[in-house]
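J.: build me a structure from this.
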Amino acid sequence: MEEKKITVIEKTVQTPKKIRVGAYCRVSSSSSDQLHSFSAQVQYYTGIIRENPAMELVDIYADEGITGTRADKRDEFNRMIADCRKGKIDRIITKSLSRFARNTVDVLQYTRLLGEYGVSVLFEKENIDTAYLSNELLLALSGAQAQEESVSLSKNVRWSIEKRMQDGTYRSSSAPYGYRIENGEYVIVEQEAETVRWIFRSYLEGKGKKEIADILQKAEIIRNSPSNLWRINTIDYILKNERYIGDALFQKFYTTETLPFVHRKNDGVKAQYYVEDVNPPIITRKEFEAVQRRINDEKAGRRNSNGDCALTGKILCSCGQRYKLSVIRGKRYWVCNSHHLDKELCRAKSIAEKNICNAFITMINKLRYIRNPVLTTAIQQTERLNMKCNGTAEKVRTIEKTISELSNKCLVLARLNSKGIIRASEYAEKNGKLTDQLSRLRAEKRKLLQEQDDNQMLSGLQKIDGILSGLKEPLTEFDENLFADTVTQITVTSDTEICFELYGGLKFTEYISR
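T.: Got it, this is the predicted structure:
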């Protein structure tokens with residue numbers, strides 16, 4: 001038997017592949033401390049990874065500390081998740097669970113998501129490594145603890161603020177148009193104050209809010225705001241703001257006590273505190289009270305001596321004509337104008353006002369119930385569509401790319417400084433310039449994103465969302481003010497159905513009984 005020839009192929013010595021590591025941190029929300037905080041953490045994580053030859057640093061992702069409770073507001077966190085999805089990172093190191101997320105649901109959600117991408121997370125403070133499945137329970141318990149700490153801290157802060165409101169010593173961090181804050185006190189900006197006085201005088205002379213806003217816009221009067229646009233709601237805010245007579249109403253809005261924290265209008269849920277003479281006045285009390293009387297008269301004018309109400313002019317027939325009010329034997333009905341003139345022109349039947357009101361109550365209660373899945377989704381989709389239409393999305397992506405490049409330069413500089421390759425003075429100078437550029441870019445990005453609020457449809461949806469968030473209980477009676485603030489038009493589509501069109505373009509069809 002012929003002997004077989006066998007050649008042994010020696011095994012190749014595999015060079016261990018380095019673990020690609022990303023570090024996540026949250027820097028100080030104070031702009032003066034961000035440079036120090038970021039640089040310190042860059043040096044810290046660079047040192048850790050340099051000591052471990054099996055690791056290489058991919059990037060350091062740093063968000064401002066104030067955004068920890070909302071993952072959707074953390075740009076750097078979302079960029080890190082995106083890099084993990086693209087396969088750029090094998091492992092994430094973060095200081096603690098509370099730095100990574102402030103509630104248990106988010107901790108588990110994101111660590112599991114990262115696990116699907118093949119990325120493990122090391123929480124240094126708790127010594128939890130998600131590479132080991134046995135830590136799942138510990139992760140949940142620690143996440144719950146971090147969540148409770150966040151809620152407790154928030155409660156302490158709210159208690160402190162409310163105590164200062166009760167004492168009348170609370171100081172706002174922002175000032176309305178016409179003022180600026182110096183050393184914690186309100187100071188009048190005379191040029192802006194003159195515009196405020198003109199707004200009050202013009203309104204008392206009979207000008208409407210839209211007319212006033214248009215005049216200021218055409219005159220190019222500058223406001224200290226991202227959009228710098230004068231709108232009806234801007235004028236309304238100024239005319240109703242008690243700050244202009246030197247008083248302050250504290251706790252107009254409040255933040256919910258459980259995660260996720262939500263900012264809501266205070267409609268009696270929390271106590272409010274009215275403090276007099278807390279800042280120098282721009283308007284006299286006599287003028288301010290006269291303006292409030294006119295505003296209230298305009299609201300009351302929605303129901304005039306002829307019996308008209310909030311429904312007047314808002315009901316449209318399928319034939320194209322408006323509905324008018326008709327009172328028959330003391331009962332209120334709405335009838336198509338064409339039908340009223342000639343029944344052969346339009347066959348639409350009259351509708352009892354109580355049936356329209358009941359349909360409105362049903363629609364509001366349904367929308368209140370499905371607010372999160374429907375309205376929140378509509379707002380998000382409108383924001384994305386608006387960004388695509390006006391090119392903002394591309395501008396934001398360009399800015400984010402530049403921010404990423406500059407952040408990498410900061411990282412390289414920090415490494416060179418830590419190794420002694422460049423002098424401390426040279427590092428401080430170059431890093432200072434980069435930080436200034438980053439600050440300007442981040443401010444520009446915030447401005448672009450804030451400009452989305454100027455979209456009429458988006459503003460309408462956000463207005464409806466804000467109104468619904470203030471409804472604590474289901475609606476049981478027809479509210480004219482609520483109707484006027486939410487409904488732009490009603491279309492009678494058939495004898496048994498009417499369609500409500502709301503601000504922001506939402507449409508809901510409701511059944512009406514006959």
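J.: please enumerate the helices of the stretch 151-300 of the chain.
T.: Ranges of helices in the stretch 151-300 of the chain, per DSSP state H, counting those that start in this stretch, are 190-204, 209-218, 232-240, 285-300.
J.: which parts of the second one are buried?
T.: Spelled out, that is helix 209-218. Lys209, Ile212, Ala213, Leu216 (16 or more other Cβ atoms under 10 Å). C-beta coordinates here come from the backbone N, C-alpha and C atoms, glycine included.
J.: what's the answer for the last one, then?
T.: Residues Glu287, Phe288, Val291 are the ones in helix 285-300 that count as buried (16+ other Cβ under 10 Å).
J.: okay if I get the helices of the stretch 151-300 of the chain as TSV plus distance to Val487 and mean pLDDT?
T.: Listed next are the helices of the stretch 151-300 of the chain as TSV, based on distance: least, Cβ to Cβ, whole Å; pLDDT from 0 to 100:
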stretch	distance to Val487	mean pLDDT
helix 190-204	26	90
helix 209-218	19	86
helix 232-240	17	86
helix 285-300	16	82
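J.: returning to that earlier point: which one of the buried residues of helix 285-300 is nearest Gln43?
T.: Using Cβ to Cβ, Phe288 comes nearest to Gln43 of the buried residues of helix 285-300, at 55.7 Å.
J.: list phi and psi for Arg85.
T.: phi -60, psi -30 (degrees, to the nearest 10).
J.: not counting sequence-adjacent ones, nearest residue to it?
T.: Nearest residue to Arg85, sequence neighbours excluded (Cβ to Cβ, 6 or more residues apart in numbering): Tyr117, at 5.8 Å.
J.: Glu497 too?
T.: Nearest to Glu497 is Thr509, by Cβ to Cβ, 6+ apart, at 5.5 Å.
J.: quick one: the helix or strand containing the one you found to chain centroid distance?
T.: Following DSSP states H and E, one finds Thr509 within strand 507-511. In terms of Cα atoms, centre = their mean, to the nearest Å, the centre of strand 507-511 is found 28 Å from the chain centre.
J.: what about Asp93, how many neighbours?
T.: Check again: residue 93 is Ile, not Asp. Residues lying near Ile93 (other Cβ atoms under 10 Å) number 22.
J.: what's the strand or helix carrying it packed up against?
T.: Here Ile93, judged by DSSP H and E, is contained in strand 91-94. The helices and strands touching strand 91-94, judged by 3 or more Cβ pairs under 8 Å, 6 or more residues apart in numbering; DSSP states H and E, are strand 19-27, strand 120-123.
J.: mind redoing it with 10 Å?
T.: Strand 91-94 sits against strand 19-27, helix 31-51, strand 55-64, helix 75-85, helix 104-116, strand 120-123, with contacts defined as 3 or more Cβ pairs under 10 Å, 6 or more residues apart in numbering; DSSP states H and E.
J.: for Leu471, which of the ones you listed is the nearest?
T.: Comparing the helices and strands packed on strand 91-94 by Cβ to Cβ, helix 104-116 comes nearest, at 25.7 Å.
J.: mind listing what's buried in that closest one?
T.: Residues of helix 104-116 classed as buried: Thr104, Asp106, Val107, Tyr110, Thr111, Leu114 (neighbour count, 16+ other Cβ under 10 Å).
J.: where does confidence bottom out across those residues?
T.: Least confident entry in the buried residues of helix 104-116, by pLDDT: Thr104, with 64.
J.: about what we covered before: identify whichever of the helices and strands packed on strand 91-94 lies nearest to Lys354.
T.: Per Cβ to Cβ, nearest to Lys354 of the helices and strands packed on strand 91-94: helix 104-116, 44.5 Å.
J.: quick one: the closest one to chain centroid distance?
T.: Taking mean C-alpha positions (Cα atoms, centre = their mean), helix 104-116 and its chain are 24 Å apart.
J.: by how many degrees do that helix and helix 75-85 diverge?
T.: Using axes from the mean of the first three to the mean of the last three Cα atoms, to 10 degrees, the direction of helix 104-116 lies 30 degrees away from that of helix 75-85.
J.: quick one: list the elements packing against helix 104-116.
T.: Helix 104-116 packs on helix 75-85, strand 91-94, helix 97-100, strand 120-123, helix 136-167, going by 3+ Cβ pairs under 10 Å, 6+ apart.
J.: rank these by pLDDT, which is bottom?
T.: It's helix 136-167: among these, that one has the lowest mean pLDDT, namely a mean of 59.
J.: before we move on, which element is Lys125 in?
T.: Using DSSP H and E, Lys125 falls outside every helix and strand.
J.: pull the number of nearby residues for it.
T.: The burial count for Lys125: 13, using other Cβ under 10 Å.
J.: I'd say it and Ile93 touch.
T.: No - in this structure Lys125 lies outside contact range of Ile93 using Cβ atoms under 10 Å: 11.4 Å.
J.: which residue ranges form the strands in the stretch 351-500 of the chain?
T.: For the stretch 351-500 of the chain, applying DSSP state E, counting those that start in this stretch gives strands covering 351-352, 487-492, 497-502.
J.: about what we covered before: so can I have JSON lines of the buried residues of helix 209-218 showing distance to Ala414?
T.: Formatted as JSON lines, these follow (distance: Cβ to Cβ, whole Å):
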{"residue": "Lys209", "distance to Ala414": "53"}
{"residue": "Ile212", "distance to Ala414": "53"}
{"residue": "Ala213", "distance to Ala414": "49"}
{"residue": "Leu216", "distance to Ala414": "48"}
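J.: which one of those residues is nearest Tyr503?
T.: Lys209 (16.2 Å).
J.: contact partners for that closest one?
T.: Counting by Cβ atoms under 10 Å, 6 or more residues apart in numbering, Lys209 makes contact with 199, 202-203, 230-236, 238-239, 295, 298.
J.: closest to Ala352 out of the residues you listed?
T.: Here the nearest of the contacts of Lys209 to Ala352, counting by Cβ to Cβ, is Glu298; it sits at 28.0 Å.
J.: so the closest one sits against Gly208, correct?
T.: Yes - Glu298 lies in contact with Gly208 (Cβ under 10 Å); the separation is 9.4 Å.
J.: okay, now Leu471: neighbour count?
T.: With other Cβ under 10 Å as criterion, Leu471 counts 16.
J.: ok, Cys309 to Leu471 distance?
T.: 21 Å (Cβ to Cβ, to the nearest Å).
J.: kindly apply the preceding question to Phe500 instead.
T.: 16 Å.
J.: would you mind measuring from Ala428 to Cys84?
T.: From Ala428 to Cys84 the distance is 33 Å (Cβ to Cβ).
J.: which of the two has more neighbours?
T.: Cys84 (23 against 14).
J.: correct me if wrong: that one contacts Thr111.
T.: No - in this structure Cys84 lies outside contact range of Thr111 using Cβ under 10 Å: 11.2 Å.
J.: list residues touching both of those two?
T.: Joint contacts of Cys84 and Thr111 (Cβ under 10 Å, 6+ apart) are Ile92, Val119, Val121.
J.: okay, now the nearest residue to the first one once chain neighbours are set aside: neighbour count?
T.: With Cβ to Cβ, 6+ apart as the criterion, Ile92 has its nearest non-adjacent residue at 4.7 Å, and that residue is Val121. Neighbour count of Val121, defined by other Cβ under 10 Å: 24.
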